[in-house]
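Enquirer: Next input, structure requested:
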Amino acid sequence: MGELVITTFVTLDGVMQAPGGPDEDHDAGFQHGGWQAPFFDDTSSARVFETYTKADALLLGRRTYEIFASYWPTARADNPFTQRINALPRYVASRTLDEAGWPGTTILDGDLAGEVRALKERHATIIVPGSSDLIQSLLREELADRIEVFLHPIALGEGKRLFGDGTVPAAFRLTESATFDQGVALLSYERAGRPAYGDATELD
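Expert: Numbers count the residues shown, from 1 in each chain. Take a look at the predicted model:
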């Protein structure tokens, strides 16, 4: 069984909407697009690229697919991300997308849990960039094995969040941490079952 890795950029208050550019995603009137750009540096970029080099497939929600498909097929060829992302087989989970115009893309429009389990049998490492709604479905079905959170030193107060309404309670175990030149922190977690509870008043 392969590994499914969620990799996402978030703010201190958990917002993951439209990190890449001002017009990336205006859903619900979001006006903070491009918040990641001031924190870009070579060290964090290299770590993100490392994740992509280890992957042999991408799984995307519809909105993230549309953002990727509008940019990466015609992005600068000398950008190593361009070569890597265009080379990877891509799967988009959507019941509303009629066709995928980006060659190498397959639409998953049936039973999500069953189709993702089949993908994990076929691929060694699948990464899920962005895709806030899809992430919740994957966590609910216990299909995500690891979450890589690139935490940025900024708070926005609004926007789609990594863990928003409807989040399924779950425990995680920290497996990797790192900090980068512009203050971004990587926190990588693997699933660790259900949350444990106790009473802090009984601790000495």
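Enquirer: Give me the spatial nearest neighbour of residue 39, chain neighbours excluded.
Expert: The spatially closest residue to residue 39, leaving aside those adjacent along the chain, is residue 182, at 4.3 Å (C-beta to C-beta, 6 or more residues apart in numbering). Placement of C-beta: from N, CA and C, glycine included.
Enquirer: My read is that the one you found contacts residue 37, right?
Expert: No: checked against C-beta atoms under 8 Å, the pair residue 182 and residue 37 is beyond contact range at 10.3 Å.
Enquirer: Same drill for those two, tell me which one is more crowded.
Expert: residue 182 (14 against 11; other C-beta atoms under 10 Å).
Enquirer: On the three-state scheme, that one is what?
Expert: coil (DSSP: H, G, I helix; E, B strand; the rest coil).
Enquirer: Check which helices and strands the longest helix belonging to the chain sits against.
Expert: Using DSSP state H to define each element, the chain has its longest helix at helix 42-54. Where contact means 3 or more C-beta pairs under 8 Å, 6 or more residues apart in numbering; DSSP states H and E, helix 42-54 is packed against strand 3-11, helix 80-87, strand 125-129, strand 146-152.
Enquirer: quick one, what contacts residue 146?
Expert: Residue 146 sits next to 3-6, 175, 188-191 when contact means C-beta atoms under 8 Å, 6 or more residues apart in numbering.
Enquirer: Now for those residues: which two are most distant?
Expert: Greatest spatial distance in those: 4 and 175, 14.8 Å, computed using C-beta to C-beta.
Enquirer: Neighbour count for these two, which is higher?
Expert: The neighbour count for residue 4 versus residue 175, taken as other C-beta under 10 Å, is higher for residue 4 (22 against 13).
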